[in-house]
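Asker: Take this sequence and fold it.
(one chain, ligands or ions: 2)
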Amino acid sequence: MINKICCIGAGFVGGPTMAVLANKCPNLEFNVVDINKEKIEKWNNNNLDELPVYEPGLKDLINKQRNKNLFFSTEITSCISEADMIFISVNTPIKTTGIGAGQASDLKWVESSSRTIAENAKGHTIVVEKSTLPVRTAKVIKDILSFALKNESIDSKKTFSVLSNPEFLAEGTAIEDLTNPDRILIGGEDLAAIETLKKLYLNWIPEEKIVCTNLWSSELSKLTSNAFLAQRISSINSISAICEHTGADIQEVSLAIGLDSRIGDKFLKTGPGFGGSCFKKDILNLVYLCKQFNLNEVAEYWEKVVEMNNWQRKRIYKIIVEKLFGNLSEKKIVILGFAFKANTNDTRESAAIHIATDLLSESASLVFLDPKVNDKQIKEEMNNYISNYTSLKFSELKISFCDDIYEASQDADAIVILTEWDEYKNLNWSNLSKIMRSPPWVFDARGIVNKKNVRNSGINLWMIGDGTIIE
Ligand code: NAD
Ligand code: UGA
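Answerer: Ligands and ions are numbered 1, 2, ... in the order given. So this is what the prediction gives:
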């Protein structure tokens, strides 16, 4: 029997996942805790537009459940003590220094969460890995928990079961994905614990969608799933380049191959390369694991997916420079979209960071716009990347922000579309052509504009993977 559930980590996964669980399991209490006080304050903000995560449908859920059976707090130790089940949903980024830097997952937040659980849990506690983790991390968690038990008095009733329950939600569709997932994966050895977790999901998910495996299959399936998805994007992006040289159109190619039911039509949209906090880190983590097991050919195979992604971003930047006469100094370029995909305010690993930095390195003057990412966040993200990974001086770069596309485009030489926001699909190109500097260009790295409308307005168009318009 469980009554109270704690989730460590109130991020993009912890917040929405617990909101849906709270909604579907009204008799249980959910406490989402985080070390980040500012984030918790935002989750508790009365103004639902100030939540730390933007997801369609999230505001309504928070409004319904918050302070009923869903609580956000920084009271980590007391929430752990009271919990019968604890989800670990903390960040697992790539290590930046030390052994495995640039590839291995940094597990310091998982370890610190496990230690806090070990110290503060009471009675029997089911510990659930929600974060995406290298295979065999459950062993690390188990070891930390069992060391703690050694220090307990003989009559202590403290016991633990560890399960893996990876999350497959995608940002922008998180609530829909959580409400109607393709599958729920539970890995573990303790059948009673598996049943307890399964019961939560059975509140709204049909049993046939709940897959139970051993711990290691579950951990590896999550990494593999992301690797396969990212591989499809790199595959279609590689073909987009061939289209541009041959007169083929990538949208027609995607449609044609996607109709083969063995291939399927999802994840065949070409673009400026995958971004987001997970694909790159999870593939590199897989690569690192392979190298540890001396599976070097396997490591190289998966590493290529990331290399192709980097190449796609670079190639778009080079095309922009080439079309603008090889020179960007004294040129104004409007960057439409900074989020790593539409319908999210997440900018982690966004292609925009990389392409914009390369354009700035050519002395371009950039104006940024994004409907859900504010100037502060763009500035921080750009500053962070430029200061850590380039020799450019952020303060010397020509960066500005604007809310209005038409105002931003006054005297601009080019508009570059990097996020597929709906509002960028049908701009008034004839008005834009009148206010831009000649010859005006649109670089559509998402393939979303109506090419006839753009071209009829007199604006030059480059569209990703469209060999039909590229002379
Ligand atoms: P996030 O950075 O948005 O949130 C993680 C939160 O954990 C942060 O707010 C951080 O302050 C908190 N935290 C870290 N250590 C803590 C501790 N010891 N105690 C309390 N709080 C702590 O990360 P996220 O995007 O929610 O991702 C979490 C995990 O889920 C990662 O492993 C990620 O790979 C995986 N995942 C993410 C997504 C996604 O769409 N973002 C989808 C599926 C899986
Ligand atoms: C991805 C997976 O889709 C989720 O299943 C997984 O849970 C999550 O990673 C995770 O582990 O973090 P997410 O990164 O939120 O979700 O978003 P996706 O929709 O997968 O998009 C990732 C990137 O690929 C975006 O930059 C997107 O623009 C790009 N993409 C996606 C394409 O370029 N083409 C496509 O056809 C699909």
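Asker: What is the burial count for Lys150?
Answerer: 6 (other C-beta atoms under 10 Å). Placement of C-beta: from N, CA and C, glycine included.
Asker: could you check the distance from it over to ligand 2?
Answerer: To ligand 2, Lys150 is 35 Å away according to C-beta to the nearest ligand atom, to the nearest Å.
Asker: and what of Phe168?
Answerer: 4 Å.
Asker: same thing with Ser153?
Answerer: 41 Å.
Asker: Strands of the stretch 351-471 of the chain, start to end?
Answerer: 365-369, 398-401, 414-417, 441-444, 460-463 (DSSP state E, counting those that start in this stretch).
Asker: just those strands: most buried one?
Answerer: Among those, the stretch with the highest mean neighbour count (mean count of other C-beta atoms under 10 Å) is strand 414-417, at a mean of 26.
Asker: then that one to PDB, C-alphas only?
Answerer: Taking C-alpha atoms only, strand 414-417 is exported to PDB below (Å, rounded to 0.1, in the frame of the first residue of the first chain):
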ATOM      1  CA  ALA A 414      18.100  37.900 -44.300                       C
ATOM      2  CA  ILE A 415      15.600  36.000 -42.200                       C
ATOM      3  CA  VAL A 416      16.700  32.600 -40.900                       C
ATOM      4  CA  ILE A 417      14.000  30.200 -39.700                       C
END
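Asker: can you list contacts of that strand?
Answerer: 320, 323-324, 331, 333-337, 355, 359, 405, 409, 424, 432, 436, 440-446, 448-449 (C-beta atoms under 8 Å, 6 or more residues apart in numbering).
Asker: just how off-centre is it within its chain?
Answerer: Centroid separation for strand 414-417 versus its chain: 23 Å, with C-alpha atoms, centre = their mean, to the nearest Å.
Asker: Note down every partner strand of that strand and its orientation.
Answerer: strand 332-336 (parallel), strand 441-444 (parallel) (DSSP bridges).
Asker: what's the angle from the longest one to strand 365-369?
Answerer: Translated: strand 332-336. 20 degrees (axes from the mean of the first three to the mean of the last three C-alpha atoms, to 10 degrees).
Asker: For strand 332-336, which outside residues touch it?
Answerer: 320, 352, 356, 359, 364-370, 405, 408-409, 411-419, 421, 424, 437.
Asker: May I have that strand exported as CSV, CA atoms only?
Answerer: Only the C-alpha atoms of strand 332-336 are listed here, as CSV (Å, rounded to 0.1, in the frame of the first residue of the first chain):
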residue,chain,number,x,y,z
LYS,A,332,21.5,42.3,-40.3
ILE,A,333,20.1,38.8,-40.0
VAL,A,334,16.8,38.0,-38.2
ILE,A,335,16.8,34.7,-36.4
LEU,A,336,13.3,33.3,-36.1
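Asker: what's the average pLDDT for that strand?
Answerer: Averaging pLDDT along strand 332-336 gives 98.
Asker: what stretches of the stretch 101-250 of the chain score poorly on pLDDT?
Answerer: 154-155 (pLDDT under 70).
Asker: Surely Ala193 is in contact with Leu163?
Answerer: Yes - applying C-beta atoms under 8 Å as the test, Ala193 and Leu163 come out as touching, 5.7 Å apart.
Asker: Which residues of the stretch 1-150 of the chain lie near ligand 2?
Answerer: Selection of the stretch 1-150 of the chain residues close to ligand 2 by C-beta under 6 Å from any ligand atom yields Thr132.
Asker: Close to ligand 1: what parts of the stretch 1-150 of the chain are there?
Answerer: 8-14, 33-36, 39, 76, 89-92, 109, 112-113, 131-132.
Asker: and what of the stretch 301-450 of the chain?
Answerer: Counting by C-beta under 6 Å from any ligand atom, the stretch 301-450 of the chain has no residue next to ligand 1.
Asker: and with 8 Å instead?
Answerer: Contact residues (C-beta under 8 Å from any ligand atom) of the stretch 301-450 of the chain with ligand 1: 346, 348.
Asker: if we can go back for a sec, okay, the strands of the stretch 351-471 of the chain in JSON lines with mean pLDDT and distance to Arg315 next?
Answerer: Converted to JSON lines, the strands of the stretch 351-471 of the chain look like this (pLDDT from 0 to 100; distance: least, C-beta to C-beta, whole Å):
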{"stretch": "strand 365-369", "mean pLDDT": "98", "distance to Arg315": "19"}
{"stretch": "strand 398-401", "mean pLDDT": "97", "distance to Arg315": "23"}
{"stretch": "strand 414-417", "mean pLDDT": "98", "distance to Arg315": "14"}
{"stretch": "strand 441-444", "mean pLDDT": "98", "distance to Arg315": "12"}
{"stretch": "strand 460-463", "mean pLDDT": "98", "distance to Arg315": "11"}
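Asker: Would you mind listing the outside residues contacting stretch 99-112?
Answerer: Contact partners of stretch 99-112, identified using C-beta under 8 Å, 6+ apart, comprise 9, 88, 90-96, 129, 131, 133-134, 137, 140-141, 144, 281, 284-285, 287-288, 291.
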